[in-house]
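*Asks:* Need a 3D model of the following:
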Amino acid sequence: MRDLGTLAAIERYTPASGETGDDRAALDLEIVREVLAGKTERFGELVIRYQNLVAGIAWRSGCRREDVEDVVSEVLLKVFKNLHQYRPDHAFSTWLYKLTANHVVDRSRRMKKERGRTEMPEQVEDHAPGADDTMELDERHGLVRDALRFVDPRYREVLHLVYVEGLKVDDTARILGTPEGTVKTRLMRGREALRKILVRRNPEHFQA
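*Replies:* A predicted model of the protein is given here:
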């Protein structure tokens, strides 16, 4: 597995330049089929394509920075062992996300510790930064990160899946096993809950 590098490198999964969702899904399926057919060396391509996605899920799910690479290795080993269970009805990335999320939850339970998520996208910010307010933006990100710990876990999870990982509402609903209407409701309530927490705790940075 390649070095994950800095924290910024695992903040969000970014597909290969110019690669559309359909292109990505088609290539993923091709690789999966060839690995299952015996060309196990191609599994390394999936590692390269998705290790940052797995790392980002682990990081935002509360794993400590020093534990992230261990989680990535554990998940990718589990993927390799269970690849035959993947069904192409849905994108490989959706299956991988669900497997990773479940692994992180199980791991946290084993460690008997609760940790908060760390970052939210700029959609929850109320202004676009300029060159002269980068420091303030960094501070605001920290405040959002802290406030997110106080959001109901149900809402926090949906906010993370949709805004951080960029999943569609229907994919999020499928991963969580809940109706799409429930996901939309939790998104709305989660945004409002986070806004209220930010305004109450940091009125100098966030306006009501």
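*Asks:* dump the residue contacts of the residue nearest the centre of the chain.
*Replies:* Ranked by distance to the mean C-alpha position of the chain (C-alpha atoms, centre = their mean), the top residue is I57 at 3.8 Å. If a contact means C-beta atoms under 8 Å, 6 or more residues apart in numbering, then I57 has 97, 100-101, 104, 165 as its contacts. All C-beta atoms are positioned from the backbone trio N, CA, C, and that covers glycine.
*Asks:* Can you tell me which of these has the lowest confidence score?
*Replies:* Among the contacts of I57, E165 carries the weakest pLDDT, at 64.
*Asks:* hmm, back to that, any idea which element the residue nearest to the centre of the chain lies in?
*Replies:* I57 is part of helix 43-60 when elements are defined by DSSP states H and E.
*Asks:* which of the residues in the next helix or strand after that helix are buried?
*Replies:* With elements assigned by DSSP H and E, the helix or strand that comes after helix 43-60 is helix 65-82. Across helix 65-82, burial judged by 16 or more other C-beta atoms under 10 Å covers 67-69, 71-72, 74-76, 79.
*Asks:* so where's the longest helix in this protein?
*Replies:* helix 180-201 (DSSP state H).
*Asks:* which secondary structure elements does that helix contact?
*Replies:* Counting contacts by 3 or more C-beta pairs under 8 Å, 6 or more residues apart in numbering; DSSP states H and E, helix 180-201 is packed against helix 134-148, helix 153-159, helix 169-176.
*Asks:* Next, the angle helix 180-201 makes with the last one.
*Replies:* Orientation note: helix 169-176 sits at an angle of 90 degrees relative to helix 180-201 (axes from the mean of the first three to the mean of the last three C-alpha atoms, to 10 degrees).
*Asks:* Contacts for helix 169-176 next, please.
*Replies:* Residues contacting helix 169-176 (C-beta under 8 Å, 6+ apart): 90-91, 94, 97-98, 101, 157-158, 161-162, 167, 179-180, 182-184, 187.
*Asks:* For that helix, list every residue counted as buried.
*Replies:* Neighbour count says helix 169-176 has 171-176 buried, by 16+ other C-beta under 10 Å.
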